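Undergrad: the sequence and its predicted three-dimensional model are supplied below.
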Amino acid sequence: MSDGHPFEDFRTLLDAFPKADAQILSQARKRNSVLTKPPGSLGRLEEIAMWLAAWSGRTPAVNRPMVAVFAGNHGIAARGVSAYPQAVTKQMVDNFAKGGAAINQICASVDLSLKIFDLALDHPTGDISVEPALSERDCAATMAYGMEAVAGGVDLLCLGEMGIGNTTVAAALSYGLYGGNATDWVGPGTGVEGEAYERKVALVEQAVTLHKDHLSDPLEALRRLGGRELAAIAGAIIAARMQKVPVLIDGYVATAAAAVLKAANPSALDHCMIAHVSAEPGHLKLVQKLGKTPLLALGMRLGEGTGAALAASLVKAAAACHTGMATFEEAGVSDREA
Ligand SMILES: O=C(O)c1ccc[n+]([C@@H]2O[C@H](COP(=O)([O-])O)[C@@H](O)[C@H]2O)c1
Ligand SMILES: Cc1cc2nc[nH]c2cc1C
């Protein structure tokens, strides 16, 4: 890390993001065109295989997929914006460790490894309605910590989170980056309605108004309106790009963290797919702003990387078809006539 501004290294990386591997992509397209199926008949599985090739820089393969779940606590949670108390963040981290959460079961059922990153849970971030969530140093250090998610030969990274109050933060960040109305971005999260929902909208409005003069700089928006798990996810996406690891992004909160990078560099998320569209209403709007089409729509709104883990099974199947299928020539199957 340099001695300059805490964000300097991230800005440098974002400005010099590597491009897709055109040669590997062209080889993969060629192979795709001779596999024993009518052209395009595997639909988005073919798109996934081409995306894997382009961004991993090798023949599509998924041998070491991993789900990284980043957990953080939020000052704004003390304002009654969630249906659950803040203590649930730590309690769920303990539940992850014991194997009792949905993400444990999904990972086991589709053979993914799981790593939980506990981000200073005893030190909630600042309440974004009255102060920045993080100092520049804390934000940068947390982004750097998130970069560790790609260590150890991971070849598909699924990014998820856990943090009571973080749909409020995701709404504020989305509203700060894209504007519109606060109600475009605020949803029920874990299940708030009525007065608590109205309070959530008002606090998001207050937060974006407070920080409005600083939001044209996306990393500054992240530090002011985000949280530790969002900063870590942004760092993980950056590291994955540098190390040629394709990324699956989970729900609303993980996508809001990713949106920060897209605002900094329009091609920053080209190595990422949105795994699913969650039931949180702001998520579909956000995904559309990113110009992405989610792989799944299962009405899920849990977080924990659960949608990303499910989508990883599609990515594994896409890679297996691409590498394992026979060609027309190998199988002695007649190719189309015209
Ligand atoms: O991923 C989503 O789209 C999503 C939608 C609603 C809730 N969540 C999860 O629920 C928690 C945040 O909800 P809340 O109501 O406390 O802001 C956090 O742990 C998220 O992982 C996640
Ligand atoms: C129980 C519970 C589990 C979660 N997993 C992700 N966010 C969550 C929020 C709650 C409340």
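TA: That came in fine, so what should we check first? Numbering: from 1, shown residues only. Ligands and ions are numbered 1, 2, ... in the order given.
Undergrad: can we go C-alpha only for contacts and neighbour counts from here?
TA: Fine.
Undergrad: need the strands for this protein, in chain order.
TA: Secondary structure of the chain by DSSP state E: the strands cover 65-71, 113-118, 156-162, 247-249, 272-274.
Undergrad: near ligand 2, which residues of the stretch 101-250 of the chain are found?
TA: Contact residues, the stretch 101-250 of the chain versus ligand 2 (CA under 6 Å from any ligand atom): M162.
Undergrad: coming back round to it: could I get the strands of the chain as JSON lines with mean neighbour count and mean pLDDT?
TA: Listed next are the strands of the chain as JSON lines, based on neighbours: other CA atoms under 10 Å; pLDDT from 0 to 100:
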{"stretch": "strand 65-71", "mean neighbour count": "27", "mean pLDDT": "98"}
{"stretch": "strand 113-118", "mean neighbour count": "18", "mean pLDDT": "98"}
{"stretch": "strand 156-162", "mean neighbour count": "29", "mean pLDDT": "98"}
{"stretch": "strand 247-249", "mean neighbour count": "29", "mean pLDDT": "99"}
{"stretch": "strand 272-274", "mean neighbour count": "23", "mean pLDDT": "99"}
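Undergrad: which stretches in the stretch 101-250 of the chain count as helices?
TA: 102-110, 136-146, 166-178, 182-185, 194-211, 218-225, 228-242 (DSSP state H, counting those that start in this stretch).
Undergrad: which regions of the stretch 201-338 of the chain sit below the pLDDT cut-off?
TA: By pLDDT under 70, the stretch 201-338 of the chain has no low-scoring segment.
Undergrad: so how far is G324 from the most centrally placed residue in the chain?
TA: Centroid-nearest residue in the chain, with CA atoms, centre = their mean: I249, separated by 2.9 Å. To G324, I249 is 26 Å away according to CA to CA, to the nearest Å.
Undergrad: can you check R44 too?
TA: Taking CA to CA, one finds R44 at 17 Å from G324.
Undergrad: what pLDDT is listed against G4?
TA: pLDDT for G4: 88.
Undergrad: returning to that earlier point: which residues does the residue nearest to the centre of the chain bridge with?
TA: L159, I274 (DSSP bridges).
Undergrad: ok, it - contacts?
TA: C158, L159, G160, T255, C272, M273, I274, A275, H276, G305, A308 (CA atoms under 8 Å, 6 or more residues apart in numbering).
Undergrad: and I237, by the same measure?
TA: I237 neighbours (CA under 8 Å, 6+ apart): M147, V247, A258, L269.
Undergrad: what's the closest of these to R31?
TA: Closest approach to R31 among the contacts of I237 (CA to CA): V247, at 23.1 Å.
Undergrad: the closest one touches C272, doesn't it?
TA: Yes: proximity of V247 to C272 meets the contact threshold set by CA atoms under 8 Å, at 4.6 Å.
Undergrad: interface residues of the stretch 201-338 of the chain facing ligand 1?
TA: Residues of the stretch 201-338 of the chain lying near ligand 1 by CA under 6 Å from any ligand atom: G251, Y252, V253, S278, E280, R301, L302, G303, E304.
Undergrad: now for Y145: which residues touch it?
TA: A232, G235.
Undergrad: tell me the pLDDT of it.
TA: pLDDT recorded at Y145 is 98.
Undergrad: quick one on the thing from earlier: among the contacts of I249, which two are most distant?
TA: C272 and G305 (14.2 Å).
Undergrad: quick one: the residue nearest to the centre of the chain and ligand 2, what's the gap?
TA: Distance of I249 to ligand 2, given as CA to the nearest ligand atom, to the nearest Å: 15 Å.
Undergrad: repeat that for V81.
TA: Applying CA to the nearest ligand atom to V81 and ligand 2 gives a distance of 12 Å.
Undergrad: same question for A239.
TA: Counting by CA to the nearest ligand atom, the gap from A239 to ligand 2 is 24 Å.
Undergrad: against G235, how distant is the residue of the stretch 1-150 of the chain found nearest ligand 1?
TA: Relative to ligand 1, the nearest point of the stretch 1-150 of the chain is S82 (4.0 Å; CA to the nearest ligand atom). S82 sits 26 Å away from G235, going by CA to CA.
Undergrad: quick one, what contacts N104?
TA: Taking CA under 8 Å, 6+ apart as the test, what N104 contacts is F96, L114.
Undergrad: mind pulling up the pLDDT for it?
TA: 99.
Undergrad: same thing with the one 3 residues further on?
TA: The predicted local confidence for C107 comes out at a pLDDT of 98.
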